[in-house]
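Chemist: Structure for this input, please:
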Amino acid sequence: QLQLVESGGGLVQPGGSLRLSCAASGFALSYYAVGWFRQAPGKEREGVSCIGRRVGSTYYADSVKGRFTISRDNAKNTVYLQMNSLNPEDTAVYYCAADADYYCSAYVGPYDYWGQGTQVTVSS
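Modeler: Prediction:
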């Protein structure tokens with residue numbers, strides 16, 4: 001069974017950090033582009049960051065550029081999203097998704113597999 005599982009969410013104070021993990025089972029994530037998306041209450045799901053299959057092929061939304069870092073560990077079949085300098089506007093459910101393509105996309109449409117999401121809450 002092909003599955004993505006996110007973890008690492010939680011409650012953090014403004015200025016704090018979290019590292020989200022996206023672990024795959026049933027398929028090799030190294031053959032997929034992987035995206036991180038988030039959805040806040042009442043808002044559409046938006047692309048935060050993604051990583052393609054080519055080393056160094058990454059994308060960041062302007063709102064997270066310089067604060068978030070995406071990476072992959074093929075040996076662990078996992079993609080990470082390191083989130084620093086978090087602020088209340090980052091509060092959302094974060095989802096990872098996989099697309100069987102060489103390049104990644106910031107849009108929801110191309111992605112074939114989705115995780116269940118992990119809640120990130122930034123609040124004092």
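
Chemist: in stretch 41-61, what counts as buried?
Modeler: Across stretch 41-61, burial judged by 16 or more other C-beta atoms under 10 Å covers 45, 47-53, 59-61. C-beta coordinates here come from the backbone N, C-alpha and C atoms, glycine included.

Chemist: Mind checking what secondary structure the closest residue to residue 59 other than its chain neighbours has?
Modeler: Using C-beta to C-beta, 6 or more residues apart in numbering and skipping the chain neighbours, the partner closest in space to residue 59 is residue 50 (4.9 Å). The three-state label given to residue 50 by DSSP: H, G, I helix; E, B strand; the rest coil is strand.

Chemist: Could you measure from residue 50 over to residue 1?
Modeler: 24 Å (C-beta to C-beta, to the nearest Å).

Chemist: what's the closest of the buried residues of stretch 41-61 to residue 78?
Modeler: Of all the buried residues of stretch 41-61, residue 51 has the smallest distance to residue 78: 11.6 Å, by C-beta to C-beta.

Chemist: For the residue nearest the centre of the chain, list each beta-bridge partner.
Modeler: Closest residue to the average C-alpha location of the chain: residue 36 at 2.5 Å, with C-alpha atoms, centre = their mean. Judged by DSSP bridges, the bridge partners of residue 36 are residue 49, residue 96.

Chemist: Correct me if wrong: it contacts residue 95.
Modeler: Yes: taking contacts as C-beta atoms under 8 Å, residue 36 lies within contact range of residue 95: 7.3 Å.

Chemist: for the nearest residue to residue 32 once chain neighbours are set aside, phi and psi?
Modeler: Nearest non-adjacent residue to residue 32, counting by C-beta to C-beta, 6+ apart: residue 98, 4.1 Å away. Here is the backbone geometry of residue 98 (degrees, to the nearest 10): phi -120, psi 140.

Chemist: same thing with residue 89?
Modeler: phi -70, psi -10.

Chemist: What of residue 29?
Modeler: phi -60, psi -20.
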